[in-house]
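A.B. asks: just coords:
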């Protein structure tokens, strides 16, 4: 895949990822990489992250999500990629 291609990634992160600053961590990591990102806590304890940016930047974001903030314990990161929609500013986004 072309590393410069803009993609949308829907990422599910599980483990100890709620109430540890994970969403803010994801937003900061995405901002640093020049990616638009919208992390959402799910009722089942996972965090759902929607991100759009260059393919190579999305891959770097996923590596950062595996690390997480200090008190997080990431068990899995599952993602799918697709064509970008450009609507990450919509606060009603849901998985």
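C.D. replies: Sure thing, it's come through. In this text the structure is predicted, and so the values were computed from the model without any measurement.
A.B. asks: show the contacting residues for residue 62.
C.D. replies: Shown in contact with residue 62 (C-beta atoms under 8 Å, 6 or more residues apart in numbering): 9, 11, 77, 79. The C-beta positions use only the backbone N, C-alpha and C, and glycine is treated the same way.
A.B. asks: may I ask which two of the residues you listed are separated the most?
C.D. replies: By the measure C-beta to C-beta, 9 and 77 form the most distant pair in those, at 10.4 Å.
A.B. asks: would you agree residue 47 is in contact with residue 13?
C.D. replies: Yes: checked against C-beta atoms under 8 Å, the pair residue 47 and residue 13 is within contact range at 4.7 Å.
A.B. asks: can you check which residues contact both of those two?
C.D. replies: residue 22.
A.B. asks: wait, residue 46 sits on residue 13?
C.D. replies: Yes: using C-beta under 8 Å, residue 46 is in contact with residue 13, at 6.1 Å.
A.B. asks: who has more neighbours, these two?
C.D. replies: residue 13 (25 against 21; other C-beta atoms under 10 Å).
A.B. asks: which SSE is the more buried one in?
C.D. replies: strand 6-16 (DSSP states H and E).
A.B. asks: which elements pack onto that strand?
C.D. replies: strand 47-54, helix 55-67, strand 73-82 (3 or more C-beta pairs under 8 Å, 6 or more residues apart in numbering; DSSP states H and E).
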